[in-house]
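>>> Structural data only, the sequence is not supplied:
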Ligand code: SF4
Ligand code: SF4
């Protein structure tokens, strides 16, 4: 894949380098030690032509445009592992890596698989290419009804931002319905946007499509402004990250919580409802955009520990060192590309860790994960009996007992 | 410099379920979502590839339908030099006879050397645009083209035939080509580039006063496919199913 349109003028390196100063702590890049911790922590660092540290070295040498001639930047799954370990706190994931993808994308150097997810997001407001009119179809047959803001015509306490995969993906819809049950059991006054909801756009942004992100954010911002509510909760950590950290920069400011934070605040009400389903060993996978990107580590664990009979065991990579499922930063739409380059799947690595930890259940809190890990479990030896469950599903199951 | 004209139209997007209008002879336009005809998108891509390779001038012309502005600005962001919208009574949809007549009239004024159009569209009830356009212009038409090279006043085109045969044809310009596939899939343009085009580029408008649909088909009724008799499902293990299949094949006389 040739990036023949990328500028090869000497000033390109300079302009690109200086654009990185605009990010929070962006100027820290000047202090890079070339320690290579970032490249070592990166799950795909070994096959990137330019892992973050080397990119910085090339930039310092004034020959950054050569970086743009490779397509291995697309192996970056925006997992924050490099950012987490960098001793100089350089915003490598949101800054350097995302900017590099932006430049590739502007030059038209986009893997085809990714292209269709971006086109679908542009056209239908979701990367799956589903009809926007069917966004609330998952709730069609549910009783009690899921209040859709436009029809409910009343203020609610909580606006539930359901998200793309939770709305459309058949496997993830099961987790969505589980969360619906939990919210109902707690008597939460909530509503959803239904067809007025668009993709949060965060993964598109991290895949370098900033303009698309802004377009989607503006649409959601408009929808938010039409209704009255006190706070937003999200099913998806990516949506949470977007609304919490990115939307405010576009003037869209609302208090937002991931559903695990929201439920953890209501543990006292929740506990009496949980009957449990016998003794079970559960391990928890910290999703990148809940964990490293937003430092939410304890609430999901607190919810799991509240379930009678659950013994929480940790995988060797946990909390700040958690392994990415491979779906972030556009990875969700680059499975074929990643496989071609790497011939490994990060999701399989993660599932093996769950097996080694002796878990019966791999608990997750991100909608990318149930399908990814369930597919991986079919490939990993000894994972035949490993169940992949969203925390919301484990809670709903425990309520039914 | 070779001047390439690309014609494009929007067709029903099949992501939504299609509904029949009360008249019973057309699609219900209220919920219909339109999308660029995929083959026209390939025609645009092929034109841009030729521009990059041989330095052509590219014009894209299209009827005014809901969402067409975005399609035209996207084409400009990809590299089209001029974008033209035919403004007239297109909202309810027109047949390809009327569209081709209108396109032919504008084409005569623009005077391109080569005209590219998608080889077909999912709403082609009355044949595809390309051959009509060629007829009204008195030009040569080659359809099912996947690959074009320009050599002076000639185009070398690759035409696909069923069964995997490919012919290489030499066509004297001007001519109309029905594009089946561009040499590479239509490229992605960043939203920011399209937005920038919306500020910088402008769409030329051509008024269309009369649309002449004569020669087209009259639709007497339109209906959704009806479920036919239910299939017989065979149960049992592999042996039983296979035995029953053989029996059925014998009954109906295929073995
Ligand atoms: S970890 Fe930080 S300081 Fe070390 S090489 Fe990477 S960017 Fe530079
Ligand atoms: S964000 Fe993750 S995948 Fe991307 S460079 Fe950093 S460590 Fe590697």
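Happy to help now that I have it. The structure displayed is predicted, hence computed values, not measured ones. Ligands and ions are numbered 1, 2, ... in the order given.

>>> what residues does the stretch 201-350 of chain A put near chain B?
A:209-212, A:214-215 (C-beta under 8 Å from any C-beta of the partner chain). C-beta: built from backbone N, CA, C; applies to glycine.

>>> so can I have a markdown table of the residues you listed showing secondary structure?
Formatted as a markdown table, these follow (DSSP: H, G, I helix; E, B strand; the rest coil):
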| residue | secondary structure |
| --- | --- |
| A:209 | coil |
| A:210 | helix |
| A:211 | helix |
| A:212 | helix |
| A:214 | helix |
| A:215 | helix |
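
>>> Neighbour-wise, give me the winner out of those.
Among these, residue A:209 has the most neighbours (other C-beta atoms under 10 Å in any protein chain shown), with 29 neighbours.

>>> The residue nearest to that residue when sequence neighbours are not counted: what's it in contact with?
Distances taken as C-beta to C-beta, 6 or more residues apart in numbering or on different chains put residue A:118 closest to residue A:209, at 5.4 Å, once the chain neighbours are dropped. Counting by C-beta atoms under 8 Å, 6 or more residues apart in numbering or on different chains, residue A:118 touches A:110, A:127, A:204, A:207, A:209, A:212, B:188.

>>> any chance of those in TSV, plus secondary structure and pLDDT?
Below are the contacts of residue A:118 laid out as TSV (DSSP: H, G, I helix; E, B strand; the rest coil; pLDDT from 0 to 100):
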residue	secondary structure	pLDDT
A:110	coil	90
A:127	coil	97
A:204	helix	97
A:207	coil	97
A:209	coil	97
A:212	helix	98
B:188	coil	95
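
>>> which of the residues you listed has the most neighbours?
Within those, residue A:207 tops the neighbour count with 33 neighbours, counted by other C-beta under 10 Å.

>>> ok, and what's touching stretch A:249-267?
Contact with stretch A:249-267 is made by A:158-159, A:161, A:179, A:182, A:186, A:214, A:217-218, A:220-221, A:224, A:230-235, A:237, A:240, A:243-244, A:247, A:270, A:290, A:294, A:296, A:298-300, A:302-303, A:306, A:365, A:391-392, A:395, as judged by C-beta under 8 Å, 6+ apart.

>>> thought residue B:69 was touching residue B:203?
Yes - between residue B:69 and residue B:203 a contact is recorded at 6.4 Å, counting by C-beta atoms under 8 Å.

>>> Near chain B, which residues of the stretch 51-200 of chain A are found?
Contacts of the stretch 51-200 of chain A with chain B, taken as C-beta under 8 Å from any C-beta, map to A:105-106, A:108, A:110, A:112, A:115, A:118-119, A:122-124, A:129-131, A:133.

>>> Between these, which sits nearest ligand 2?
Proximity of those to ligand 2 (C-beta to the nearest ligand atom) peaks at residue A:105, which lies at 15.5 Å.

>>> Quick check: closest non-adjacent residue to the closest one.
That would be residue A:208: by C-beta to C-beta, 6+ apart, it lies 4.0 Å from residue A:105.

>>> residues contacting that neighbour?
Per C-beta under 8 Å, 6+ apart, neighbours of residue A:208: A:98, A:100-105, A:330.
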